[in-house]
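J.: Just to be clear, the model below is a prediction. Sequence and coordinates:
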2 protein chains.
Amino acid sequence: MARLVMKFGGTSVADVDRIREVAKRVKARVDDGNEVAVVVSAMSGTTDQLAKWTSDAAPFHDAREYDVVVSAGEQISAGLLSLALQECGVSARSWLAWQIPILTDSVHGSARIKDIDCSEIEKRLGENQVAVIAGFQGKGADGRITTLGRGGSDTSAVALAAVLRATRCDIYTDVSGVFTADPRIVAKARKLDRITYEEMLEMASQGAKVLQTRSVSMAMNHQVRVQVLSSFANSPGTLVVDEDEVMEKQVVSGIAYSRDEAKITLVRVADRPGVAAAIFGPLADANINVDIIVQSVSEDGRSTDVTFTVKEADFERAKDMVEAAKEDVAFDRLISDSNVAKVSVIGVGMRSHAGVAQLMFSALAEKGINIHAISTSEIKVSVLISEEYTELALRSLHTAYGLDAA
Amino acid sequence: MARLVMKFGGTSVADVDRIREVAKRVKARVDDGNEVAVVVSAMSGTTDQLAKWTSDAAPFHDAREYDVVVSAGEQISAGLLSLALQECGVSARSWLAWQIPILTDSVHGSARIKDIDCSEIEKRLGENQVAVIAGFQGKGADGRITTLGRGGSDTSAVALAAVLRATRCDIYTDVSGVFTADPRIVAKARKLDRITYEEMLEMASQGAKVLQTRSVSMAMNHQVRVQVLSSFANSPGTLVVDEDEVMEKQVVSGIAYSRDEAKITLVRVADRPGVAAAIFGPLADANINVDIIVQSVSEDGRSTDVTFTVKEADFERAKDMVEAAKEDVAFDRLISDSNVAKVSVIGVGMRSHAGVAQLMFSALAEKGINIHAISTSEIKVSVLISEEYTELALRSLHTAYGLDAA
């Protein structure tokens, strides 16, 4: 007998018919003799509708009230799935975050889980009752409803799996697992049977949308075995596991990309101490995430060019802030471009293999793709390229690293 | 400075535009220097949609899960109204039942309020913050969300007004007040400036849909001044007050009707002790409300005919149960008719005036309308007639009792 956490995303519970399908899938696990806790997202479209209403009501909204409104979506699907389970003869009850409780900090809109008291749920799992838990939500230190940020239901599921010491946390989604690259772009992409936490973390943070980044780092920290699989098929998905569970380490396991990038270059920045702080301090204060930063020496030797990237949503604001700091920073002019994409190759095998970056650069050069900026970590190389080359770059790199399906 | 409870129904908060209108109306009261608590229903249509999903998921549903799902509607509108208030510069926050808490019994789907702890809300009212409270919901003794039954937001509002010792509880709706009769049927119906609790209670329980019966009896018991008024106009509505606040008592204040009636007649019931218990005991056990009961002696003197009415939703079930009890009850045959309506004339002045019922009977006789059954209380006379005569009966009685607008 195992204890499973099963998480179903918005498309898996899009309407009552699909909720009934989910109920059947849960029942199958229960009938196999497992203890099952289920985490549900809102029916797809619901969160967007609710979020739109909040911005219609108040363009710059109080995040506490936003949380009250949008968390209703998961409340509805949790109740409906409990009913559907009961209807097929499975004992079940819904749990809202405040009832468990799932305690978070009070950072509304993107709260972090502090503590979960699973004692009552564990007792009932032992009595063969399925716990249906509304994902995405928590109870803040202020006693109000919080939400965990977009995709937060993944985090709810992993956190519950950790506290419940679950055998596995199965994340049901609309794709059949984690792929070597986005199969909508790279026809020869392969589904991975296993991927390490570190790789999954880089994949998620470099643009792969299959799992929320925070949920992966939580799974890694608490050693929760996560499986990503399809809620519309019956095949096994991708297991996210510890590095020592992966026998043959790939040099490169996968290629991720993100079009949500914008580049800002400051030309002829005075080359003196404190300049970087003058540029990036205000951006950090304004909660703007800066990703890649490249600094190059100019011809005259007395000034440098600084290039950095931000998310497209922050682009205009970032430009305005840097322009406002022009006196402090003392640069010549600002060049910007939002038609850029970031492509990243990821693999734990990189640690022990040289030449991974070099292969990337030459493969791109061969196709005439210019590299605007480079960023590397221990298990990842990212390059910034013009957005129009995204598909070409992904396919070329997929072939170059030997990832193509036979 | 006064303390007001304002309650807005589903049509008043039907979409974000209307919610903004409600916010303006609340702001006007705040700007007048009042402390304001607002109770909101779900956006119109939402509760029906949510209820439909629950019955799609499970035809015979667990009322606890039903409550989880449908209560989301008021949660959404409470959050949205708080945002709209903030947007027009009014300090506001939403309150869900479990946060206050509004404690109820655990009769899910039609829970009763046990206790409300308003201390935190009162403190914030004093700090000029508007409390926006999700109506219709409570927290049961089982720690789960309960709902108060259809129209339960009226009850939430009156209960809060009682606990907050509010100067008045204003119920905003899509009509401009309480009328002498349904103005859609009786063109000459007049809006009443005042009506007594007792009259309002009879009006509500005899079919007038303007206020939920339970909310009126709660207002009466706790001496809450209630005003019914339009959320789309700016004129005063109808005040529901104590009898001693009404100077000139009308013999008849209003005429109510209900088409939701069905009649069952048992012919030749054995006339012996215990028969009524044998008929009505099983119905009571099955939670079927019996309204009018008439017993008449048959020609032979050894048996009686028993006629009673039930709501149309209970009609088939009631017939089946009585047929099942045929041996115990010993009746000849059962005649039933769901094409009946109940028309009631209501007025506290009846207590001191004779001939009120007689006027009703003769006015109906004059139009050739046959009376199937009669039921009276201290301030009400109800008759059961064929449904097709409803409009004619209402108009004739409205004229006969001198209620027509000049």
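T.: Ah, there it is. Computed from a predicted model, the values in this text were never measured in an experiment.
J.: In contact with A:L283, which residues?
T.: With contacts defined as Cβ atoms under 8 Å, 6 or more residues apart in numbering or on different chains, the neighbours of A:L283 are A:V290, A:V310, A:A318, A:M321, A:V322. Quick note: C-beta positions are derived from backbone N, CA and C, even for glycine.
J.: Can you tell me which of the residues you listed comes closest to chain B?
T.: Proximity of the contacts of A:L283 to chain B (Cβ to the nearest Cβ) peaks at A:M321, which lies at 26.1 Å.
J.: quick one: what helix or strand has the closest residue to that closest one other than its chain neighbours in it?
T.: The spatially closest residue to A:M321, leaving aside those adjacent along the chain, is A:P282, at 5.1 Å (Cβ to Cβ, 6 or more residues apart in numbering or on different chains). Assigning secondary structure by DSSP states H and E places A:P282 in helix A:275-285.
J.: pLDDT on that helix, on average?
T.: Along helix A:275-285, the predicted confidence averages to a pLDDT of 87.
J.: Which of the contacts of A:L283 fall within helices?
T.: Among these, the ones falling in helices (DSSP state H) are A:A318, A:M321, A:V322.
J.: can you list those residues in TSV and add neighbour count and pLDDT?
T.: Converted to TSV, those look like this (neighbours: other Cβ atoms under 10 Å in any protein chain shown; pLDDT from 0 to 100):
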residue	neighbour count	pLDDT
A:A318	23	93
A:M321	17	91
A:V322	22	91
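J.: quick one, what contacts the residue in the stretch 101-250 of chain A positioned nearest to chain B?
T.: Going by Cβ to the nearest Cβ, chain B is nearest to A:G143 of the stretch 101-250 of chain A, at 6.4 Å. Shown here is A:G143, whose contacts under the criterion Cβ under 8 Å, 6+ apart are B:Q99.
J.: With A:E127 instead?
T.: When contacts are counted by Cβ under 8 Å, 6+ apart, A:E127 is found next to A:S91.
J.: Tell me the spacing between it and B:H61.
T.: For A:E127, the distance to B:H61 equals 21 Å [Cβ to Cβ, to the nearest Å].
J.: Convert the helix holding A:P282 to CSV, retaining C-alpha atoms only.
T.: Taking only C-alpha atoms (Å, rounded to 0.1, in the frame of the first residue of the first chain), the coordinates of helix A:275-285 have been written out as CSV:
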residue,chain,number,x,y,z
VAL,A,275,28.0,52.0,-11.6
ALA,A,276,26.5,48.5,-11.5
ALA,A,277,24.8,49.3,-8.2
ALA,A,278,23.5,52.6,-9.6
ILE,A,279,21.9,50.7,-12.5
PHE,A,280,20.6,47.6,-10.8
GLY,A,281,19.7,48.9,-7.3
PRO,A,282,16.6,50.8,-8.4
LEU,A,283,15.5,47.8,-10.5
ALA,A,284,15.8,45.4,-7.6
ASP,A,285,13.9,47.9,-5.4
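J.: centre of the chain versus it, how much separation?
T.: Using Cα atoms, centre = their mean, to the nearest Å, the mean C-alpha position of helix A:275-285 is found 26 Å from that of the whole chain.
J.: next one: stretch A:399-406
T.: Average the C-alpha atoms of stretch A:399-406, do the same for its chain, and the two points are 25 Å apart (Cα atoms, centre = their mean).
J.: tell me which element A:Y66 is part of?
T.: Assigned by DSSP H and E, A:Y66 falls within helix A:63-70.
J.: after that helix comes which helix or strand?
T.: Remark: after helix A:63-70, the chain's next helix or strand is helix A:72-87, criterion DSSP H and E.
J.: mind listing what the helix or strand following that next one pairs with, with the direction of each?
T.: Per DSSP H and E, the first helix or strand lying C-terminal to helix A:72-87 is strand A:92-95. For strand A:92-95, the paired strands and their directions (DSSP bridges) read strand A:130-134 (parallel).
J.: Any buried residues in the partner strand, and which?
T.: A:V130, A:A131, A:V132, A:I133, A:A134 (16 or more other Cβ atoms under 10 Å in any protein chain shown).
J.: for that strand, the distance to its chain's centre please.
T.: Once both centres are worked out by Cα atoms, centre = their mean, strand A:130-134 turns out to sit 23 Å from its chain's centre.
J.: swap in stretch A:204-212?
T.: Using Cα atoms, centre = their mean, the distance from the centre of stretch A:204-212 to the centre of the chain it belongs to is 4 Å.
J.: quick one: average confidence on it?
T.: Averaged across stretch A:204-212, pLDDT comes to 83.
J.: mind listing what's buried in that stretch?
T.: Burial within stretch A:204-212, assessed by neighbour count using 16+ other Cβ under 10 Å, is assigned to A:A204, A:S205, A:Q206, A:G207, A:A208, A:V210, A:L211, A:Q212.
J.: where's the first one, which helix or strand?
T.: Spelled out, that is A:A204. Assigning secondary structure by DSSP H and E places A:A204 in helix A:197-205.
J.: so how many other residues sit close to the closest residue to A:F179 other than its chain neighbours?
T.: Spatial nearest neighbour of A:F179, chain neighbours left out: A:A189 (4.5 Å); criterion: Cβ to Cβ, 6+ apart. Using other Cβ atoms under 10 Å in any protein chain shown, A:A189 has 21 other residues around it.
J.: Do I have it right that A:A189 meets A:S176?
T.: No - with contact defined as Cβ atoms under 8 Å, A:A189 does not reach A:S176; the gap is 11.3 Å.
J.: What parts of chain A come near chain B?
T.: Within chain A, the residues that sit near chain B (Cβ under 8 Å from any Cβ of the partner chain) are A:16, A:19-20, A:50, A:53-54, A:56-59, A:61-62, A:64-69, A:71-73, A:75-76, A:78-84, A:86-87, A:93-94, A:96, A:98-99, A:143-145.
J.: Please enumerate the strands of the stretch 1-150 of chain A.
T.: A:3-8, A:35-40, A:92-95, A:102-104, A:113-116, A:130-134, A:137-139, A:145-147 (DSSP state E, counting those that start in this stretch).
J.: so which of the ones you listed is the most packed in?
T.: Of the strands of the stretch 1-150 of chain A, the one with the most neighbours on average (mean count of other Cβ atoms under 10 Å in any protein chain shown) is strand A:145-147, at a mean of 31.
J.: Pretty sure A:V294 sits against A:S382.
T.: No - the pair formed by A:V294 and A:S382 falls short of the contact definition of Cβ under 8 Å, at 11.4 Å.
J.: longest strand in chain A, by residue count?
T.: Among the elements of chain A assigned as strand by DSSP state E, the one spanning the most residues is strand A:254-270.
J.: What residues of that one count as buried?
T.: A:254-258, A:261-266, A:268-269.
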